[in-house]
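K.L.:
have a look; sequence and predicted model below, questions after that.
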Amino acid sequence: MFKSMPSLSFCLLLCALWTAACATTPKKANPRELRETSESFARRLRWGDYKGMAQFLRPEARLDFVKGVLDRGDDELLKVIDCELEHVQYVPDGAVVLARVVWHRLPSVTAQSEVVSLHFEDAEGQWLIGAVEGGPLPVAKSTAPDAEAGRGKSADTRESLQKL
């Protein structure tokens, strides 16, 4: 019985080290969840749930987004007719989702259609929008520290999108 004690101690030590190593590994966002996240964002956009859309943005951009919607009167004046997800491209720091958005801003009834680029970032295992290019939404580029370091990557992203 005492001969198995050192091997048991060794096994417990290995388990403790393995658990500690797993706890420090940063969680990665699941690529399969990107579709669900982007579809949910598109649904909220179609229904005009701009405050609910803020949950898909990086935390530091949420307040500015809601303030922008309210300041411009988008909660009452912006009418999104359609939002169709068209293409997804994974890039080193996340993914770019292209969506065709059709909208009009009252009192105009003339519809505008534009392909919008939603730049999703892996934020500790969750897909969050760091930037939106095009379309009617008041979303500024992310100013997170990791976004500052990766500014040169936006040109790479644009270049890869032009190849489509």
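P.N.:
Great, that's in hand. Note that this is a predicted model, so its numbers are computed, not measured. Numbering: from 1, shown residues only.
K.L.:
mind listing the strands for this structure?
P.N.:
Using DSSP state E, the strands found in the chain span residues 78-91, 94-105, 112-123, 126-133.
K.L.:
quick one: low-confidence ranges for the protein?
P.N.:
Across the chain, the ranges flagged by pLDDT under 70 are 1-26, 140-164.
K.L.:
swap the cut-off to 80 and go again
P.N.:
1-29, 138-164 (pLDDT under 80).
K.L.:
out of the strands of the chain, which one sits most buried?
P.N.:
Highest mean neighbour count of the strands of the chain: strand 126-133, a mean of 21 (counted as mean count of other Cβ atoms under 10 Å). Bear in mind the C-beta positions are built from the backbone N, C-alpha and C, glycine included.
K.L.:
and it with strand 94-105, angle?
P.N.:
Using axes from the mean of the first three to the mean of the last three Cα atoms, to 10 degrees, the direction of strand 126-133 lies 50 degrees away from that of strand 94-105.
K.L.:
can you map out the helices along the chain?
P.N.:
If DSSP state H is used as the criterion, the helices of the chain fall at 4-24, 31-47, 50-53, 59-72, 74-77, 145-149, 153-162.
K.L.:
tell me what the fifth one is packed against?
P.N.:
If you count contacts as 3 or more Cβ pairs under 8 Å, 6 or more residues apart in numbering; DSSP states H and E, helix 74-77 packs onto helix 50-53.
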